[in-house]
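Enquirer: Here is the input, now give the coordinates:
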Amino acid sequence: MIYFISDLHLSPRTPGAIRLFKAFLARIAHPDVARNNRLYLLGDCFETWVGDDDMEDPCHQEIIAALAQASAAGLAIHLQHGNRDFLLGQDFARAAGLTLLPDPYVLSTPQWQFVLSHGDALCTDDEAYQQFRAQTRRPDWQAAFLAKPLRERLAIAAQLRQQSEAAKREKSAYLMDLNPGETDDFLRQHGYATFIHGHTHQPATHDHIVDGIHVERWVLADWSEDRGEALSWDGAQLRRESLLPS
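Expert: Sure, this is the predicted structure:
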């Protein structure tokens, strides 16, 4: 079974979501099934990530330990960066026992082909966000940011998070969704593969007709303190699975 999740936004302020995630990992990494399963985390696993030197945070340690345990049991774990945790690096990947993926990433199975992305790069109507995204993905910006003391980076991240939440309240809904034309071009460029992404927090299944070809776009749900969701592929169909506290 292949599982897709995104937008968990895990942090010390989300103990319920962390418990849900750990229970989900324990289930799909059970020794009886782990080697037959794969997990794809499509961005924003963490609410914020200011550098791999922040792995000593107790909350981060708890999540990394759960990922590493699942990986050691045989679960193949793959992760894409989100807009909140784009600074996750190879030190984190090694500690958690997972593989970092480019965005986008084409996943081919014997039965079907998927293209995976966090999704934020296609929200092109939000020009201010795209300018910020382009700046923060530059190697020179990242090097300068990571050179700052950890305490300063955490303060900057908290300030940016507050500004982002305030900006969302002022933005029209269409600005925070994928641009239709850009999305159709994306589907065309990736061979009309089924598109799976997160970011928008608007779970749905969309039908696109691109060059006369029907293409599905599955939007993953964000997680909360009392609810999560996983999308699974069993080789024949995609299914949404609600994850609730036990």
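Enquirer: Can you show me the CA trace of the helix or strand bottoming out on mean pLDDT in the chain as PDB?
Expert: Per-element confidence for the chain was summarised using mean pLDDT, DSSP states H and E. The lowest value among helices and strands belongs to helix 150-170, with a mean of 85. The C-alpha trace of helix 150-170 is given here as PDB (Å, rounded to 0.1, in the frame of the first residue of the first chain):
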ATOM      1  CA  LEU A 150      19.200  29.500  16.300                       C
ATOM      2  CA  ARG A 151      17.400  31.800  18.700                       C
ATOM      3  CA  GLU A 152      17.200  34.600  16.100                       C
ATOM      4  CA  ARG A 153      16.000  32.200  13.400                       C
ATOM      5  CA  LEU A 154      13.200  31.000  15.700                       C
ATOM      6  CA  ALA A 155      12.100  34.600  16.400                       C
ATOM      7  CA  ILE A 156      12.100  35.400  12.700                       C
ATOM      8  CA  ALA A 157      10.100  32.300  11.900                       C
ATOM      9  CA  ALA A 158       7.500  33.200  14.600                       C
ATOM     10  CA  GLN A 159       7.200  36.700  13.200                       C
ATOM     11  CA  LEU A 160       6.800  35.400   9.600                       C
ATOM     12  CA  ARG A 161       4.200  33.000  10.800                       C
ATOM     13  CA  GLN A 162       2.200  35.800  12.400                       C
ATOM     14  CA  GLN A 163       2.400  37.900   9.300                       C
ATOM     15  CA  SER A 164       1.300  35.000   7.100                       C
ATOM     16  CA  GLU A 165      -1.800  34.300   9.200                       C
ATOM     17  CA  ALA A 166      -2.700  38.000   9.200                       C
ATOM     18  CA  ALA A 167      -2.200  38.200   5.400                       C
ATOM     19  CA  LYS A 168      -4.400  35.100   4.900                       C
ATOM     20  CA  ARG A 169      -7.300  36.900   6.500                       C
ATOM     21  CA  GLU A 170      -7.000  39.700   3.900                       C
END
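Enquirer: Taking the chain centroid, which residue in the chain is the extreme one?
Expert: Residue distances from the centre of the chain (CA atoms, centre = their mean) peak at Gly212, which lies 30.1 Å from the mean C-alpha position.
Enquirer: Would you list the phi and psi of it?
Expert: Main-chain torsions, Gly212, degrees, to the nearest 10: phi 80, psi 0.
Enquirer: Distance of it relative to Asp184?
Expert: Gly212 sits 12 Å away from Asp184 when distances are taken as CB to CB, to the nearest Å. (Glycine included, C-beta is placed from N, CA and C.)
Enquirer: now do Pro15
Expert: If you measure Pro15 against Asp184 using CB to CB, the figure is 41 Å.
Enquirer: what's the answer for Ser71, then?
Expert: The span separating Ser71 from Asp184 equals 37 Å under the rule CB to CB.
Enquirer: between the two, which one's more packed in?
Expert: Neighbours were counted for Ser71 and for Asp184 using other CB atoms under 10 Å; Ser71 has more, 19 against 16.
Enquirer: mind listing what that one touches?
Expert: For Ser71, the contact set (CB atoms under 8 Å, 6 or more residues apart in numbering) comprises 29, 77, 96-98.
Enquirer: Strands - which of the residues you listed land there?
Expert: With strands identified by DSSP state E, the entries of these that belong to them are Ile77.
Enquirer: neighbour-wise, which of the contacts of Ser71 leads?
Expert: Top of the contacts of Ser71 by neighbour number is Ala96, holding 25 neighbours under the definition other CB under 10 Å.
Enquirer: Just the CA trace of stretch 210-223, in PDB.
Expert: Output of stretch 210-223 as PDB, limited to C-alpha atoms (Å, rounded to 0.1, in the frame of the first residue of the first chain):
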ATOM      1  CA  VAL A 210      -6.400  18.700 -20.700                       C
ATOM      2  CA  ASP A 211      -6.100  18.300 -24.400                       C
ATOM      3  CA  GLY A 212      -9.100  16.100 -24.300                       C
ATOM      4  CA  ILE A 213      -7.700  13.900 -21.700                       C
ATOM      5  CA  HIS A 214      -9.400  13.400 -18.300                       C
ATOM      6  CA  VAL A 215      -6.900  13.900 -15.400                       C
ATOM      7  CA  GLU A 216      -7.700  13.700 -11.700                       C
ATOM      8  CA  ARG A 217      -6.200  16.000  -9.100                       C
ATOM      9  CA  TRP A 218      -6.400  14.900  -5.500                       C
ATOM     10  CA  VAL A 219      -6.000  17.500  -2.800                       C
ATOM     11  CA  LEU A 220      -4.800  16.200   0.600                       C
ATOM     12  CA  ALA A 221      -6.400  17.300   3.800                       C
ATOM     13  CA  ASP A 222      -4.500  19.200   6.500                       C
ATOM     14  CA  TRP A 223      -4.400  17.700  10.000                       C
END
